[in-house]
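Student: Got a predicted structure here, sequence first:
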Amino acid sequence: MVLANYESAPIVQDLRVINKVSQNLHAELMLRLLGKEKGTAGTIEGGLEVMQGWLTTVGIRPEEYSFFDGSGLSRENLVTPHAIVKLLTFVSKQPWANEFTDTLPIGGVDGTLMERFRTPQLTGKVHAKTGSLGHVNSLSGYATTAKGERIVFSILSNNHLLTNRKALETMDNILATVIEDAKKD
């Protein structure tokens, strides 16, 4: 006799929640699920083991990152912008690339980028994951230049003395310059 039955939503829907609204609890649970389904245990350690093995197959070396959780909230987490660009470049070449990209916030449109990149020349041109914690800010993803070229980027700032607002403005200005200056070439 079955008392209850529940069928989870497709994983891409949970990734959309994790990426668009930066839902850290979902990210933590996703890491544990990864360990349970693909590794030895449904724990942080089990998930990290699976993730580390996969990152190696993608060409990202262990010295390019150090992860301690699934959300990125641990102050011990470290990753190079180069590793993120390698990962996003790899993803962009996969058959599921568009499905993944659709989980990312869109500049000036939705998620954590709804209020950023709102000028007509930038709205809809940035698909990226944001991150912030104290004096740490990040923005990594894909952008479409004024020439229509798609670029992969990662801007990470750590231990800066700017206000959070000024740090975000600076990152946005860097990316806007890259997007808009492409038309001058």
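Tutor: Thanks, I have the structure now. Residues are numbered from 1 along each chain as shown.
Student: any low-confidence regions in the chain?
Tutor: Within the chain, the ranges that satisfy pLDDT under 70 run 182-185.
Student: can you pull the contacts of the residue nearest the centre of the chain?
Tutor: In the chain, the centroid-proximal residue (CA atoms, centre = their mean) is Lys129; its distance is 3.8 Å. When contacts are counted by CB atoms under 8 Å, 6 or more residues apart in numbering, Lys129 touches Asn19, Ser22, Leu104, Pro105, Ser138, Leu139, Ser140, Gly141. For every residue, glycine as well, the C-beta is placed using N, CA and C.
Student: Same question for Ala41.
Tutor: Taking CB under 8 Å, 6+ apart, one finds Gly35 in contact with Ala41.
Student: Would you map the helices across the protein?
Tutor: Ranges of helices in the chain, per DSSP state H, are 11-20, 24-38, 44-58, 81-92, 97-101, 164-181.
Student: Lys125 is nearest to which of those?
Tutor: Judged by CB to CB, the one of the helices of the chain that comes nearest to Lys125 is helix 164-181, at 5.9 Å.
Student: And that closest one, how far out from the chain middle?
Tutor: Distance of helix 164-181 from the chain centroid (CA atoms, centre = their mean, to the nearest Å) equals 17 Å.
Student: buried stuff in it?
Tutor: Ala167, Leu168, Met171, Asp172, Leu175, Ala176, Ile179 (16 or more other CB atoms under 10 Å).
Student: Apart from its chain neighbours, what residue comes closest to the first one?
Tutor: If the residues on either side of it in the chain are set aside, Ala167 comes closest to Asn137, at 4.5 Å by CB to CB, 6 or more residues apart in numbering.
Student: same question, the second one
Tutor: Setting aside the residues directly before and after it, Leu168 is nearest to Asn137 in space (CB to CB, 6+ apart), at 6.2 Å.
Student: So that neighbour is in contact with Thr163, correct?
Tutor: No: here Asn137 does not reach Thr163: they are 10.5 Å apart, not a contact under CB atoms under 8 Å.
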